[in-house]
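**Q** Quick one: sequence plus predicted model below, questions after.
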Amino acid sequence: MAVDPTATTASPASAAKQKAVDAYLGMWRDVAAVATTSDWQSPRLAEHATGDALSVLARQLYADHYNGVVSKGAPANSPVAQSVDSQYEPKTVVIRDCSDASTWLKYRTDNGKPADDEPGGKHLIHAEVKLAVDGSWRVTRFAVERTGSC
């Protein structure tokens, strides 16, 4: 098979950034799916999150479960990999996202009505994604800023 001389292989840093963004988006897809039942014990949460990130997600979902609240919809994310710790052997990627949660809202399980009068909105999120020992990328921590922060 002939090799295309114009084809380029992604640098280790570029590949890491893409894998980190994929893991970050996977985490939010997992959370949106699990939040429909507020199942804080779902093993799906650990597929793309670990450490502090996993702990925060599980605690929030437990609080929602305890308070009789579920979420409907999903956030619209637009992550950008801002930095990588090494160009040649990357292990950590920092992501910045302006997440739109206006279609991802909380509802009461007892009557199906909105849990509050908050309209949702855009939130600035900073996240750290690390290479795990098994070769996967997982979000290790994140911070969500107030509504309207981006």
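**A** In hand now; what should we look at?

**Q** How many neighbouring residues does the closest residue to residue 67 other than its chain neighbours have?
**A** Leaving aside its sequence neighbours, residue 67 sits nearest to residue 115 (CB to CB, 6 or more residues apart in numbering; 7.8 Å). Placement of C-beta: from N, CA and C, glycine included. Look at residue 115: counted by other CB atoms under 10 Å, it has 16 neighbours.

**Q** Help me confirm that residue 115 comes into contact with residue 108.
**A** Yes: the pair residue 115 and residue 108 qualifies as a contact (CB atoms under 8 Å) at a distance of 5.4 Å.

**Q** Residues that sit against both of the two, list them.
**A** residue 69 (CB atoms under 8 Å, 6 or more residues apart in numbering).

**Q** if you go through the protein in chain order, where are the strands?
**A** For the chain, strands defined by DSSP state E occupy the ranges 69-73, 80-84, 92-100, 104-108, 122-131, 137-147.

**Q** Out of those, flag the one nearest residue 55.
**A** strand 137-147 (9.3 Å; CB to CB).

**Q** This completes my enquiry, with thanks.
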